[in-house]
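A.B. asks: quick one, fold the following:
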Amino acid sequence: MAFKNSILLGTIGRYSDRFHEYQKHRSLEERLELALKIPLTDGIEPVYPQDLGHDGEAVGLVEKSGLEVSAVNVNVKTEELFRRGSFTSREANVRETATEYLKTAMDISAELGAKMISVCPLIDGWDYPFEVNYQDQWRWLLRAFETASAYRSDVRISIEYKAFESRNRIVLPTMARSLVLCQKVNAPNLGVTMDVGHALMANETPAAEAALGNDLDRLFYVHFNDNDRGADWDMLPASVNLWETLELLYYLERMGWDGWFAYDVFTRNGDNVEAIAATFEIMESLKKLLDKITIDELNGMVADGVPARSINRLIASLL
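C.D. replies: Residues are numbered from 1 along each chain as shown. As a prediction, this is how the structure comes out:
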């Protein structure tokens, strides 16, 4: 399987939740230097505007590092103006600003040679019944991505869906709803980022959703991590759902998918740089396990459809 590993630059810096702050602050320059030292790194995913600056002031630093950029991640959630929504804000000027973020990030992405942006509209949704107009929200969302998709047909926009957090309900919670949006916009440069942890939270089967997205030519990007399906814990890949992760890799191999893999792995206990290095090694080990079982044998298991035989063989492969 041909894929490239990308580091989400936020995973090797400081981050926090409602209860605590984890890891130490590192400047963009420090994180770029660390990324260069992590084995098996092929590229990075910087954040606009927090890493790159509103006007792309830090693009030169990224270019100077020599690191390839998988995508520019567009953050439309943490700034005060987005507190009540970005693409679905009640305020037209806020919706326009969020759309401008997409367009500026597209320009920066093209400048960096990535030709792709990824965006997760985490602040767009609702918390209570009768809080929002669902029809307005959907129309505003469509308009934003229609505008951005038409702005530059040479840059892909990959939407990362998530069921909840920071809103109780997010406007794009599943692969299916995200694909409906893509099909409605009907632009070839609009697709989906499947974050494995987000698929698990939505009670999806990651391999099945990847197959659906690929069938519609909308699977643009994959973020790997893991959780217990209860919350977005951003754990090491395959640390909880080993077989679901392996099954996803098997389907990506079957489909001939050769895009970037990025990793939303956040470390509360231990060193976050070590965790990203371990993440890449885990993925290499999973590839070796896939090769050990062989694609042909896995094809046979799927064709046979008898769990008693397939699970027995999968467990035996660990010996």
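A.B. asks: how is Thr88 assigned, secondary-structure-wise?
C.D. replies: Using DSSP: H, G, I helix; E, B strand; the rest coil, the secondary structure recorded for Thr88 is coil.
A.B. asks: try Arg31
C.D. replies: Taking three-state DSSP, the label given to Arg31 is helix.
A.B. asks: same check on the one 10 residues further on?
C.D. replies: Put simply, Thr41 is coil when judged by three-state DSSP.
A.B. asks: list the contacts for it?
C.D. replies: The neighbours of Thr41, taking CB atoms under 8 Å, 6 or more residues apart in numbering as the test, are Asn5, Ser6, Ile7, Ala35, Leu67, Phe280. C-beta here means a position set from N, CA and C on the backbone, and glycine is covered the same way.
A.B. asks: same deal with Val265?
C.D. replies: With contact taken as CB under 8 Å, 6+ apart, Val265 is in contact with Thr11, Phe224, Asn225, Asp234, Met235, Leu236, Pro237, Ala275, Ile276, Thr279.
A.B. asks: now those as CSV including secondary structure, pLDDT and neighbour count?
C.D. replies: Conversion of the contacts of Val265 to CSV gives the following (DSSP: H, G, I helix; E, B strand; the rest coil; pLDDT from 0 to 100; neighbours: other CB atoms under 10 Å):
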residue, secondary structure, pLDDT, neighbour count
Thr11, helix, 97, 23
Phe224, strand, 98, 25
Asn225, coil, 98, 27
Asp234, coil, 96, 20
Met235, strand, 98, 20
Leu236, coil, 98, 18
Pro237, coil, 98, 27
Ala275, helix, 97, 20
Ile276, helix, 98, 24
Thr279, helix, 98, 26
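A.B. asks: closest one to Arg254 out of those, please.
C.D. replies: Phe224 (17.6 Å; CB to CB).
A.B. asks: any idea how far Glu244 is from the closest one?
C.D. replies: To Glu244, Phe224 is 11 Å away according to CB to CB, to the nearest Å.
A.B. asks: where are the low-confidence patches of the protein?
C.D. replies: Screening the chain residue by residue with the criterion pLDDT under 70, one finds no matching range.
A.B. asks: mind listing the strands for it?
C.D. replies: In order along the chain, the chain carries the following strands (DSSP state E): 4-8, 15-16, 21-22, 43-45, 47-48, 68-69, 72-74, 116-119, 125-126, 156-160, 169-170, 190-195, 219-224, 260-263.
A.B. asks: now those strands as CSV including distance to Lys184?
C.D. replies: Supplementary listing: the strands of the chain in CSV, determined by distance: least, CB to CB, whole Å:
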stretch, distance to Lys184
strand 4-8, 29
strand 15-16, 34
strand 21-22, 39
strand 43-45, 27
strand 47-48, 25
strand 68-69, 29
strand 72-74, 20
strand 116-119, 17
strand 125-126, 18
strand 156-160, 12
strand 169-170, 18
strand 190-195, 10
strand 219-224, 17
strand 260-263, 26
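A.B. asks: thought Ser70 was touching Ala35?
C.D. replies: No - the pair Ser70 and Ala35 fails to qualify as a contact (CB atoms under 8 Å) at a distance of 11.8 Å.
A.B. asks: need the overlap of contacts for those two.
C.D. replies: Ile44.
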